[in-house]
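Asker: Return atomic coordinates for the entry below.
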Amino acid sequence: MEYLTKQPENLNPLQRFGRWLRLKQYQIEVTFGVYMFTPTEKFAFWSVVFLLCSLLTIATVLYLPQHVLFILHRAWFYVNGGDSGVASNLIAGKKGALSLATSSTTTTMAAATEMAESMIREL
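Answerer: Numbers count the residues shown, from 1 in each chain. I've put the predicted structure just below:
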């Protein structure tokens, strides 16, 4: 019963990690009955476990940072409202963002005025 043995405190971290992995292997074998499999079945079982763990690790490394960044942008949107890009550009002091905002407002106002004049002419 390896899991009940007292661990010596003077093991380096690599040895402690190895003991922890052996403990997890033992727990999996007892829980799922892997200890009763034939060597070929054990190889197939542990291959599938390794494949799933590898895919999970790769997916976590590749996609978790992007997902966390997306969630932070959503939180910024829910807390502050509006477009976070315009707010951050104005805070950073970029004058181009302010001129872009005013030019789009002017364009919108001109389009609204033109639409109103055409409606008045029709009436």
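Asker: Skip the chain neighbours and tell me the closest residue to residue 45.
Answerer: residue 34 (5.7 Å; Cβ to Cβ, 6 or more residues apart in numbering). No exception for glycine: its C-beta is placed from N, CA and C like everyone else's.
Asker: isn't the one you found right up against residue 42?
Answerer: Yes - between residue 34 and residue 42 there is a contact at 6.2 Å, judged by Cβ atoms under 8 Å.
Asker: The residue nearest to residue 45: neighbour count?
Answerer: 16 (other Cβ atoms under 10 Å).
Asker: residues contacting it?
Answerer: Each residue near residue 34 by Cβ atoms under 8 Å, 6 or more residues apart in numbering is listed here: 28, 42, 45-46.
Asker: State the mean pLDDT of the helix or strand hosting residue 25.
Answerer: Following DSSP states H and E, one finds residue 25 within helix 13-32. The average pLDDT for helix 13-32 rounds to 92.
Asker: now the angle from the very next helix or strand once past it to helix 13-32?
Answerer: Note on helix 13-32: by DSSP H and E, the next helix or strand toward the C-terminus is helix 39-80. Here the directions of helix 39-80 and helix 13-32 differ by 110 degrees (axes from the mean of the first three to the mean of the last three Cα atoms, to 10 degrees).
Asker: What is helix 39-80 packed up against?
Answerer: helix 84-92 (3 or more Cβ pairs under 8 Å, 6 or more residues apart in numbering; DSSP states H and E).
Asker: if you set the cut-off to 10 Å instead, what comes out?
Answerer: Counting contacts by 3 or more Cβ pairs under 10 Å, 6 or more residues apart in numbering; DSSP states H and E, helix 39-80 is packed against helix 13-32, helix 84-92.
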